[in-house]
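**Q** This is a predicted model, with the sequence first.
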Amino acid sequence: MDKKVIFSGAQPSGKMTLGNYLGAIQNWTKLQDEYDCFYSVVDLHAITVPQVAKDLRANTIGLLAQYLACGLDPEKNTIFIQSHVSAHTELMWILNTMSYMGELSRMTQFKDKSQKNELNLNAGLFTYPVLMASDILLYQTDLVPVGQDQKQHLELARDLATRFNYKYSDTFKIPEPYIPKEVGRVMSLQEPIKKMSKSDENENAYILLIDDADTIKRKIKRSVTDSLGVISYNDEQAGIKNLLEIYSKLSNKTIEELVSMYEGKGYGVLKEDLSEVIIESLRPIREKYLDLLNNKDYLETVYANGANRAEKVARKTLRKVYKKVGLIERKFI
Ligand code: TYM
């Protein structure tokens, strides 16, 4: 029996955070044996906000290295760079013609990002979710492992697939979200009511997968808590709640276990222990990452093979789409 298909991706708009890891990539590594997985470094998504070309190149290769360092095996998964498979932008055009202005303007991420980028309110930022739908639908994806913040985009992908299938007959599989219950969202260390984001201006707000031990200690020490001084798990203590969730996920201890372990202890002790847990969890990833960066030829082979494999699958879907829409197939003479 054919394996079910998984597609997911992350933007090379900076380095990966603990939020990306716990919300998504850690999950990806658990799925690689059971599913036929496509994991993309979505560079075309990243340019919807201003990027410096040389940083984007470095971040793209860096993100690929981080995928591998987190444990994604390029033999088992198709790992590729989005812009290497042009079918993504081609399908996007078709789906653009079927997307409504109203539904795109309701996307919360667009609303947030457009507020932050008022001077660069480009059309790409608006149609970003259509590109994401194309990424997913090209591979006849069954499941999309993402963090909670991507759920609305995924619903749009499902709506567009259903709309296309209804208009032109069955073409796309309708993808399902796959969101880990325990950590749908890792929050900012500075403002724990918003998500941890790699594009945050305040670098104390996030932990990067490749942060060194001192940086991790410093960031956790400075993380915002409250003045209650009691370690308990509730919405009023958003900072402590977030630290407990991170701790729980990385240590495999339940929140209840942690709360009783730290009963009567101060925030300082919790923060110190948590720093150690994070440092030890990320150490192998950081070491492997630094190693891989010294091996550019290997990384090149990975993304070259990945693009070949992805291209074949994506073209097949795109050919079907073009035909159904009424575009004449190109003849080669
Ligand atoms: P991106 O690059 O912002 O994030 C990559 C993945 O990490 C998850 N994530 C989080 N999870 C929990 N807590 C957080 N604080 C946190 N921050 C990020 C995201 O949910 C995501 O799963 N639009 C996508 C990239 C994309 C994509 C796709 C994903 C493009 N095409 C197709 C899936 C399928 C994005 O910006 O992710």
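**A** Looks like it arrived, so ask away. All values reported here derive from a predicted model rather than from experimental measurement.

**Q** So for the residue in the chain positioned nearest to the ligand, what's the nearest residue that isn't a sequence neighbour?
**A** For the chain, the residue closest to the ligand is Gly23, as judged by Cβ to the nearest ligand atom, at 1.9 Å. Quick note: C-beta positions are derived from backbone N, CA and C, even for glycine. Leaving aside its sequence neighbours, Gly23 sits nearest to Gly147 (Cβ to Cβ, 6 or more residues apart in numbering; 3.1 Å).

**Q** Backbone dihedrals for the one you found, please?
**A** The phi/psi pair for Gly147 (degrees, to the nearest 10) reads phi -80, psi 170.

**Q** I figured Asp235 hits Lys241, correct?
**A** Yes. Between Asp235 and Lys241 there is a contact under Cβ atoms under 8 Å: 6.8 Å.

**Q** who has more neighbours, those two?
**A** Lys241 (18 against 7; other Cβ atoms under 10 Å).

**Q** Name the SS class of the more buried one, please.
**A** Three-state call for Lys241 (DSSP: H, G, I helix; E, B strand; the rest coil): helix.

**Q** Tell me if I'm right that it and Pro192 touch.
**A** Yes. Applying Cβ under 8 Å as the test, Lys241 and Pro192 come out as touching, 7.3 Å apart.

**Q** Counting by contacts, list what the helix or strand of the chain with the lowest mean pLDDT packs against.
**A** Between all helices and strands in the chain, the lowest mean by mean pLDDT, DSSP states H and E belongs to helix 108-116, at a mean of 84. Under the contact criterion of 3 or more Cβ pairs under 8 Å, 6 or more residues apart in numbering; DSSP states H and E, helix 108-116 touches helix 123-138, helix 151-168.

**Q** which one of these is the most hemmed in?
**A** Burial of the helices and strands packed on helix 108-116 is given as mean neighbour count (mean count of other Cβ atoms under 10 Å); helix 123-138 ranks first at a mean of 22.

**Q** distance between it and the chain's centre?
**A** Mean-position distance between helix 123-138 and its chain equals 14 Å (Cα atoms, centre = their mean, to the nearest Å).

**Q** in the helix or strand just after it, what's buried?
**A** The helix or strand immediately downstream of helix 123-138 is strand 143-145, counting by DSSP states H and E. Using 16 or more other Cβ atoms under 10 Å as the burial criterion, the residues of strand 143-145 that qualify are 143-145.

**Q** If we ignore the residues flanking it in sequence, what's nearest Leu68?
**A** Distances taken as Cβ to Cβ, 6+ apart put Leu292 closest to Leu68, at 5.8 Å, once the chain neighbours are dropped.

**Q** which SSE is that neighbour in?
**A** Counting by DSSP H and E, the element that carries Leu292 is helix 267-293.

**Q** So what's the gap between that helix and the chain middle?
**A** The chain centre lies 20 Å from the centre of helix 267-293; the measure is Cα atoms, centre = their mean.

**Q** same check, this time on stretch 242-254
**A** Offset of stretch 242-254 from its chain centre (Cα atoms, centre = their mean): 20 Å.

**Q** average pLDDT for that stretch?
**A** If you average the pLDDT over stretch 242-254, you get 94.

**Q** Show residues contacting that stretch.
**A** Outside stretch 242-254, the residues that touch it by Cβ atoms under 8 Å, 6 or more residues apart in numbering are 18, 22, 182-183, 186-187, 189, 192, 220, 223, 225, 231, 233, 255, 258-259, 261, 270-271, 273-274, 277-278, 281.

**Q** And the pLDDT at Val277?
**A** Here the pLDDT value assigned to Val277 is 98.

**Q** Kindly apply the preceding question to Gly184 instead.
**A** Looking at Gly184, the pLDDT reads 62.

**Q** Show me which residues of the stretch 101-250 of the chain sit near the ligand.
**A** Residues of the stretch 101-250 of the chain lying near the ligand by Cβ under 6 Å from any ligand atom: 132, 135-136, 144, 146-147, 149-150, 153, 185-186, 195-196.

**Q** before we move on, the earlier item: please tabulate the helices and strands packed on helix 108-116 in CSV, including the columns mean pLDDT and distance to Leu209.
**A** CSV is the format used below for those (pLDDT from 0 to 100; distance: least, Cβ to Cβ, whole Å):
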stretch, mean pLDDT, distance to Leu209
helix 123-138, 97, 22
helix 151-168, 97, 23
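
**Q** need the ones you listed in CSV with distance to Val41, can you?
**A** What follows is the helices and strands packed on helix 108-116, written out as CSV (distance: least, Cβ to Cβ, whole Å):
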stretch, distance to Val41
helix 123-138, 11
helix 151-168, 17
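
**Q** Minimum distance to Thr29: which of those helices has it?
**A** If you check each of those against Thr29 by Cβ to Cβ, helix 123-138 wins as the nearest, at 19.6 Å.

**Q** how much space is there between Leu292 and Lys194?
**A** Between Leu292 and Lys194 the computed distance is 31 Å (Cβ to Cβ, to the nearest Å).

**Q** whoops, Val224 was the one
**A** Counting by Cβ to Cβ, the gap from Val224 to Lys194 is 11 Å.

**Q** Can you point out the buried residues in the least confident helix or strand of the chain?
**A** So, applying 16+ other Cβ under 10 Å, buried residues of helix 108-116: 110, 113-114.
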